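Peer 1: need a structure here:
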Amino acid sequence: MRERRRSVTQPFRRTGGSQGFAEDMTFHATVDVPFDGGPAMGNWLQKQLARRPWWMNALLLFCVYMAFIYEPWDLFAKPVSRDVEVFLGYAFHGWAAKLTNPIHWFIYGLGTYGFWRMRPWMHPWAALYAGQVALSVCIFSVHSRPGFGGWAFGLLGLALVGALAVALWRSRPLFQPKPTALSQRYPGWAVVTGASAGIGAEFARQLARAGFSCVLTARREERLQALALELEKDCGVATRIVAVDLATPQGGERLAAALGDLEVGVLVNNAGFGLSGRFDKQDAGRLAEMVALNCTAPVVVTRLVLPRMLERGRGAILITGSVAGRQPLPLHAVYAATKAFDLLFGEALWSELRGRGIDVLVLEPGSTETEFQEVAGELPHAAESAASVVATALAALGQQPSVISGWFNWLRAHLGQRLMPHSLIALAAHRVTERYTPAENR
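Peer 2: Prediction:
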C-alpha cells in the first residue's frame, strides 16, 4: 500500500503550572497516512477489461482513438484538399470526403459506447461493419496499386480484418445480457414512495411482478389500498401501506418507523410534484413544499434506510429525477432545479456506494402519462407511458448511475448542452414550455 504525506493540525489543552493556568494550544505536524486509491482504481479497471477478450479491448481503444482524436481532427483541422475517405472500396476526395466524416465519427462513437457497455445491438452490426472494412481494404488496394503489390496488400488486409469480423460474429454470447432476477440481486421488500399514481404505482406493479413484496407510501390512503389489493391478487405478494406526507419534517421518520424490521432490498424515491408557471406568480408555500418533497425527502429517507442495506452488503436505491434537471427550464424554474439536485445527489451517491453492494440509479423521464401535467397546471400534451419509463429504469439498474428514458429526451438533454450556451438553451426551452402553460400563468 502506498503512503502519502499529510499535514495535520491537532488542538490540545495544557493545564497547571506555577499559576494554575489553563492554556489552549495547537501543534502542527506532517505525518504519513496510507493511501489506497490507486489499487482501488486498478481493481476497477481490471474488472472492466475482464469483460472482454484482449483483442476486443484493443478494438475498444481503437474506437476511442478514432472517436475522440482522429475523427474530430479529420473533420475540423485536416485541409479539405487532403481529405480522403473510403466506403466499400470507393475513395471520396475533397468535400465529398469531408461530408462523410460525421458518418465515420458517429460509427466510431457508437463502437466506443457499444464495446464499453457490451450492448446487445453490437451483434451483428460490429461484425458487418468490420466485414465492410475488410472488403474496402481489398478493393481499394487492388484499384490503387495495380499489379502484384496491390493484390498482396489487399488480400492481406482482407484476411486480417476479415478474421476480426469473424471473431466479432462468433462473439454473440459476450454481447448477450446475463440477467439475474431483481429479487435475487436485491432480496427483501421494495419500498416505493409516491406510489398512489403514475410512475410510482407502475414501479410497484413491475417490482411486484418481479417477486417483491411492497411497502406503498403516499398521502392518499384509499389509492394505496386499491393498489395493494391489485398487487396481492395479481402477483401474490405481501403489501404494507404507509399513508404519510413526506414533505413534512416528520414524514421520513414516520416511514422509517413503519418499516420496522423489514429487510429493504429496493428503495424507490419517487414522491414528488411540479408547478408550472412564472416564478413570481407561484405560491411561496407550495414552492417550499415542492423543494421539501423533491429534494429533502429522498435525502432523509435514503439516509434512514441505507445503514441496514450496508449491513447486508446489498440493495438498490432509485431516485425519480427528470430530464428537466439537465437544463434551465423557464416556467418550471424551481421544479427543474429540484431535479438537478436529485441528479447530482444520486450520481454522487452512486460513486460513494459503488463496490459496497448498493446500486444507485437516477431515472430521468421526460413527459410521462401521469397526473403530473394536471397537478403542475400544464396543458395536456403527448407523453411516454409510465410502463415504458419504469421498464427503462429497471433494465439500467446496476449498469449506470443515471438513465434518460426515450431517445428523443436523450438527444434533447445531450445535444443542446454540447452545442449551445446555457442562455440560448434557456430561451429555446422558454419557447417550448410556453406552449404547455396556461396564458394566465405565463
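Peer 1: the strands in the stretch 1-150 of the chain, which residues?
Peer 2: Applying DSSP state E, counting those that start in this stretch to the stretch 1-150 of the chain gives strands spanning 2-16, 21-35, 84-87, 90-93.
Peer 1: I'd guessed residue 105 sits against residue 73; true?
Peer 2: No - counting by CB atoms under 8 Å, residue 105 does not reach residue 73; the two are 10.7 Å apart. (Glycine included, C-beta is placed from N, CA and C.)
Peer 1: which one of those two is surrounded by more residues?
Peer 2: residue 105 (18 against 10; other CB atoms under 10 Å).
Peer 1: tell me who's in contact with the more buried one.
Peer 2: 67, 71-72, 75 (CB atoms under 8 Å, 6 or more residues apart in numbering).
Peer 1: shaky segments in the stretch 251-400 of the chain?
Peer 2: Residue ranges of the stretch 251-400 of the chain with pLDDT under 70: 370-383.
Peer 1: now do the stretch 1-150 of the chain
Peer 2: Judged by pLDDT under 70, the stretches of the stretch 1-150 of the chain that qualify are 1-39.
Peer 1: show me where it has helices.
Peer 2: Ranges of helices in the stretch 1-150 of the chain, per DSSP state H, counting those that start in this stretch, are 37-49, 54-65, 71-76, 94-117, 122-144, 148-169.
Peer 1: just name the most buried of those helices.
Peer 2: Most buried of the helices of the stretch 1-150 of the chain, by mean neighbour count (mean count of other CB atoms under 10 Å): helix 122-144, with a mean of 18.
Peer 1: packing partners for whatever helix or strand residue 427 lives in?
Peer 2: For residue 427, the enclosing helix or strand under DSSP states H and E is helix 422-436. Under the contact criterion of 3 or more CB pairs under 8 Å, 6 or more residues apart in numbering; DSSP states H and E, helix 422-436 touches helix 407-419.
Peer 1: quick check: angle from the helix it packs on to helix 422-436?
Peer 2: Relative orientation of helix 407-419 versus helix 422-436 (axes from the mean of the first three to the mean of the last three CA atoms, to 10 degrees): 150 degrees.
Peer 1: contacts for helix 407-419, please.
Peer 2: Residues contacting helix 407-419 (CB under 8 Å, 6+ apart): 323, 326-327, 364-366, 404, 425, 428.
Peer 1: of all the residues in that helix, which ones are buried?
Peer 2: Counting neighbours by 16 or more other CB atoms under 10 Å, one finds that the buried residues in helix 407-419 are 409-410, 412-413, 416.
Peer 1: what about that helix, distance to the chain center?
Peer 2: 14 Å (CA atoms, centre = their mean, to the nearest Å).
Peer 1: mind listing what residue 251 touches?
Peer 2: 244-245, 297, 300.
Peer 1: can you put the helices of the stretch 1-150 of the chain in a markdown table and add distance to residue 337?
Peer 2: Formatted as a markdown table, the helices of the stretch 1-150 of the chain follow (distance: least, CB to CB, whole Å):
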| stretch | distance to residue 337 |
| --- | --- |
| helix 37-49 | 32 |
| helix 54-65 | 35 |
| helix 71-76 | 33 |
| helix 94-117 | 30 |
| helix 122-144 | 38 |
| helix 148-169 | 45 |
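Peer 1: and the ones you listed: which comes nearest residue 217?
Peer 2: helix 94-117 (33.6 Å; CB to CB).
Peer 1: how far off helix 122-144 does the closest one point, in degrees?
Peer 2: Going by the same axes, to 10 degrees, helix 94-117 makes 150 degrees with helix 122-144.
Peer 1: how far off centre is helix 94-117?
Peer 2: 23 Å.
Peer 1: distance check, residue 199 against residue 236.
Peer 2: 23 Å (CB to CB, to the nearest Å).
Peer 1: settle it for me: which of these two has more neighbours?
Peer 2: Set side by side, residue 199 and residue 236 show more neighbours around residue 199, with 27 against 10, by other CB under 10 Å.
Peer 1: export whichever strand or helix holds the more buried one as CSV, just CAs?
Peer 2: Using DSSP H and E, residue 199 maps to helix 198-209. Extracted in CSV, the C-alpha atoms of helix 198-209 (Å, rounded to 0.1, in the frame of the first residue of the first chain):
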residue,chain,number,x,y,z
GLY,A,198,-48.2,7.4,-12.2
ILE,A,199,-44.6,6.3,-12.2
GLY,A,200,-44.7,5.3,-8.5
ALA,A,201,-47.7,2.9,-9.0
GLU,A,202,-46.0,1.4,-12.1
PHE,A,203,-42.8,0.8,-10.1
ALA,A,204,-44.9,-1.1,-7.5
ARG,A,205,-46.6,-3.2,-10.2
GLN,A,206,-43.4,-4.1,-12.0
LEU,A,207,-41.5,-4.8,-8.8
ALA,A,208,-44.4,-7.0,-7.6
ARG,A,209,-44.3,-8.9,-10.9
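Peer 1: what's the closest of the contacts of helix 407-419 to residue 223?
Peer 2: Distances from residue 223 to the contacts of helix 407-419, taken by CB to CB, are shortest for residue 365, at 20.5 Å.
Peer 1: may I have the phi/psi pair for that closest one?
Peer 2: phi -80, psi 160 (degrees, to the nearest 10).
Peer 1: over to residue 437?
Peer 2: phi -110, psi 130.
Peer 1: how's the chain carved up into domains?
Peer 2: Following automatic domain parsing, the chain resolves into domains at 2-39, 54-175, 182-441.
Peer 1: and residue 48, which of these is closest to it?
Peer 2: domain 54-175 (8.0 Å).
Peer 1: centre of the chain to that closest one, how far?
Peer 2: So, by CA atoms, centre = their mean, the centroid of domain 54-175 is 29 Å from its chain's centroid.
Peer 1: same check on stretch 284-304?
Peer 2: That offset, for stretch 284-304, works out to 22 Å (CA atoms, centre = their mean).
Peer 1: tell me which residues in it are buried?
Peer 2: For stretch 284-304, a neighbour-count test (16+ other CB under 10 Å) marks 287, 289-302, 304 as buried.
Peer 1: within its sheet, name the partner strands of the host helix or strand of residue 316 and how each one runs.
Peer 2: Take DSSP H and E as the rule and residue 316 turns out to sit in strand 315-320. Sheet pairing for strand 315-320, assigned by DSSP bridges, gives strand 264-269 (parallel), strand 358-364 (parallel).
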